[in-house]
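Participant: build the 3D model from these lines:
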Amino acid sequence: MTTRLKDVMSTLFQSPPTQPPSKPANPTLILITMVVCTIAILSFFLFYNFVMPQAPSRLERPSEALIDEVPIWSTVASFPLPFMQNPQTVAALIILFTAAVFAFYGLAAYLSLKFQLPRVCRWLIPAAAAFFSFLSIWALPTVNSDIYYHIMQAHIALFHNQNPYYVSTLEFPTDPLYIYVSQPYRHLVSVYPTAWTIFTIIPTLLSGSEPVANLLALRFTLWLFNLANIVLVAQILRRLNPQLQLTGMILYGWNPIIAVLGQSKPDTIMAFFLLAACLLLILNHASLAIVALTLSALVKLITLPLVLAFILWQGIHRNWRGTLTSTLIAGFTTLMLYAPFLQEPGLVLRHLEEVNRGASAFPSGIRLILIAAFFMVLLYSTFKGNTIQNRLHGWTIIMLYFAIFFTTPVNSWYLISLIALVSITPSLPMIWMAVPISGFSFFLNSWEITSSDTFRLPALLPSRASIYVILTGIVAISIILVMARRLR
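Facilitator: All right, here's what the predicted structure looks like:
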């Protein structure tokens, strides 16, 4: 029993050994399958970027008025889509397309992990990844709403000379972007750390105050970061596990969350600095790595636990000088990025409070248990990080736990940092966990943003607690499958 328990702990907290991909008996069949996966995934992305945004619930959004501003949008919107007017039909399409695209995505990742892919896949996979995400630059402006809120924060800082962390959109009703910011967002001041606000200011400064130019400029900027992330995944695996470079690029660049949502969310830049920190760590540049990791957390606090893990690892290994240096560097980096916006210390505390929001859905007793369990995962994952592979695998486990219990599963883009880490620690157990978890979360998000008071989809789950039960069940089933496979 003790041996079995150790096997489970090893499966969870140590990087599993990876077998080199074997030579397929029929390379032509593998190539055909990969091409079919590419075409199938592409068809889904076309549906999500240009058809789903035409659901009545999405066309109710203020951004619908922008469709006539760009020829490709107005042309797409001119095609009659009567099936999109029926909630039951739309619900069936969401279920069908989500299940299909993640099945093809998982199949492509599995094939690349198990078999040596034909040489043509060396350019097919990265090219497809780049094109998949490029499509979402041109997605209809109704595909999501919070991007206008993010751009408005840049408008407040640039064109109104006000601090977006203390002044809300409501103060500027004459701003050209005001009418496109959805009502629930207008009363909010900026809720993200300061690095994200700085990154939204740059494309807004280059594109002026015109809403369509702002939208496309920010999407294009985030697409460039996504391209950089694909390159970083390849560079990290070239040093750690060269035979799995294509697997890593599929796991990141072909994931629907990355391709569809990555061009409108701050999590893409958060993942960029996280991957940069991983590469710097591999190159033995610890001081630069903690800077990059801190910048990642200052884009969005989801990766803050990894800053703690980084510093804790140095303390566990009695590198007291490194522990002190990393703490000072992280603190100084934070101070420098908050300095332009800080009017009182409460701003930092307000942002840290956001970390607790994800677990706030649980009763206080369960929340305390989850927090205690999180610190146990943090400590054990960090303690077992005796190699760089195990250290990064430990970060993946930390992000997996954090993503399930301390973020909002319906907001599937919160998984982008987890997807990035899974991409650089690819293994069959990780694929078994990451594919269904990201698929389930993406499905929940698609369902929620498509349903409204006037266009209501059928009730999905009885309570939010059932979401966490399903996610925990996915992890448990994945562990059972791994253990069963080892016992064969």
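Participant: distance between whatever helix or strand S133 lives in and the chain's centre?
Facilitator: Assigned by DSSP states H and E, S133 belongs to helix 121-135. Taking Cα atoms, centre = their mean, to the nearest Å, one finds the center of helix 121-135 at 18 Å from the center of the full chain.
Participant: tell me what it is packed against?
Facilitator: Here helix 121-135 touches helix 27-50, helix 211-240, helix 245-253, going by 3 or more Cβ pairs under 8 Å, 6 or more residues apart in numbering; DSSP states H and E. Just so you know, the C-beta spots here come from the backbone N, C-alpha and C atoms, and that holds for glycine as well.
Participant: is it true that I329 touches L293?
Facilitator: No. The criterion here is Cβ atoms under 8 Å, and I329 misses it with L293 at 9.8 Å.
Participant: if you count surrounding residues, which of the two has more?
Facilitator: Neighbours were counted for I329 and for L293 using other Cβ atoms under 10 Å; L293 has more, 29 against 19.
Participant: so where's the stretch 251-400 of the chain shaky on pLDDT?
Facilitator: 355-363, 385 (pLDDT under 70).
Participant: wait, I meant the stretch 51-200 of the chain
Facilitator: For the stretch 51-200 of the chain, no stretch is flagged by pLDDT under 70.
Participant: okay, now N214: neighbour count?
Facilitator: N214: 26 neighbours (other Cβ under 10 Å).
Participant: hang on, I meant P458
Facilitator: 10.
Participant: got the phi/psi numbers for it?
Facilitator: phi -60, psi 150 (degrees, to the nearest 10).
Participant: ok, now which ones touch it?
Facilitator: P87, Q88, A91 (Cβ atoms under 8 Å, 6 or more residues apart in numbering).
Participant: at 7 Å what do you get?
Facilitator: Neighbour list for P458: A91 [criterion: Cβ atoms under 7 Å, 6 or more residues apart in numbering].
Participant: same check on V51?
Facilitator: L81, M84 are the contacts of V51 under Cβ under 7 Å, 6+ apart.
Participant: equivalent analysis for the one 3 residues further on, please.
Facilitator: For Q54, the residues meeting the contact criterion (Cβ under 7 Å, 6+ apart) are A77, L81, M84, L140.
Participant: narrow the residues you listed to just the buried residues.
Facilitator: Buried positions within the contacts of Q54, assessed by neighbour count (16 or more other Cβ atoms under 10 Å), are A77, M84, L140.
Participant: just those: which are in helices?
Facilitator: The members of the buried ones among the contacts of Q54 that map onto helices under DSSP state H are A77.
Participant: can you count the residues close to I369?
Facilitator: I369 is flanked by 12 other residues according to other Cβ under 10 Å.
Participant: for it, give its distance to M433.
Facilitator: Note on I369: its distance to M433, by Cβ to Cβ, to the nearest Å, is 22 Å.
Participant: could you do F159 as well?
Facilitator: Distance, F159 to M433, by Cβ to Cβ: 45 Å.
Participant: with neighbour numbers in mind, choose between the two.
Facilitator: Ranked by neighbour count (other Cβ under 10 Å), F159 and M433 place M433 first, with 24 against 16.
Participant: I'd assumed V475 was in contact with that one.
Facilitator: Yes. Using Cβ atoms under 7 Å, M433 makes contact with V475 at a distance of 5.9 Å.
Participant: next, the angle helix 121-135 makes with the helix or strand where A99 lies.
Facilitator: Assigned by DSSP H and E, A99 belongs to helix 87-114. Angle of helix 87-114 versus helix 121-135, following axes from the mean of the first three to the mean of the last three Cα atoms, to 10 degrees, is 150 degrees.
Participant: now the angle between helix 27-50 and helix 87-114, please.
Facilitator: Using the same axes, to 10 degrees: helix 87-114 against helix 27-50 is 140 degrees.
Participant: list the buried ones in helix 87-114?
Facilitator: 87, 90-91, 93-94, 97-98, 101-102, 104-113.
Participant: so what's the gap between that helix and the chain middle?
Facilitator: The answer for helix 87-114 is 18 Å, by Cα atoms, centre = their mean.
Participant: equivalent analysis for stretch 254-269, please.
Facilitator: In this view, stretch 254-269 has its centroid 6 Å away from the chain centroid, taken as Cα atoms, centre = their mean.
Participant: same deal with stretch 50-63?
Facilitator: Worked out by Cα atoms, centre = their mean, stretch 50-63 lies 23 Å from the chain centre.
Participant: show me the residue at the heart of this structure, geometrically.
Facilitator: With the centre of the chain defined as its mean C-alpha position, the nearest residue by Cα atoms, centre = their mean is I416, 1.5 Å away.
Participant: tell me which residues in whichever strand or helix holds that one are buried?
Facilitator: Using DSSP H and E, I416 maps to helix 416-424. Within helix 416-424, the residues scored as buried using 16+ other Cβ under 10 Å are I416, S417, L418, I419, A420, L421, V422, S423, I424.
Participant: can you list contacts of it?
Facilitator: 229, 233, 236-237, 248, 251-252, 255, 257-258, 262, 265, 267-268, 270-271, 274-275, 278, 302-303, 392, 395-396, 399-400, 403, 430, 434, 438.
Participant: just to revisit the earlier point, how close does the residue nearest to the centre of the chain sit to M270?
Facilitator: 7 Å.
Participant: please apply the same query to I179.
Facilitator: For I179, the distance to M270 equals 29 Å [Cβ to Cβ].
Participant: before we move on, back to that, packing partners of the following helix or strand past the helix holding S133?
Facilitator: Sequence-wise, the next helix or strand downstream of helix 121-135 (DSSP H and E) is helix 146-158. Secondary-structure packing of helix 146-158 (3 or more Cβ pairs under 7 Å, 6 or more residues apart in numbering; DSSP states H and E): helix 194-207, helix 211-240.
Participant: format those as TSV; extra columns: distance to P164.
Facilitator: Shown next, in TSV, are the helices and strands packed on helix 146-158 (distance: least, Cβ to Cβ, whole Å):
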stretch	distance to P164
helix 194-207	6
helix 211-240	15
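Participant: what's the helix or strand for V167?
Facilitator: Applying DSSP H and E, one finds V167 in no helix or strand.
Participant: what residues are up against it?
Facilitator: I156, V189 are the contacts of V167 under Cβ under 7 Å, 6+ apart.
Participant: please redo it, this time with the cut-off set to 8 Å
Facilitator: Contacts of V167 (Cβ under 8 Å, 6+ apart): I156, H160, V189.
Participant: excluding chain neighbours, what is closest to the second one?
Facilitator: This points to H160. F172 (5.8 Å; Cβ to Cβ, 6 or more residues apart in numbering).
Participant: how much space between the one you found and P164?
Facilitator: 10 Å.
Participant: next one: L298
Facilitator: For L298, the distance to P164 - Cβ to Cβ - is 15 Å.
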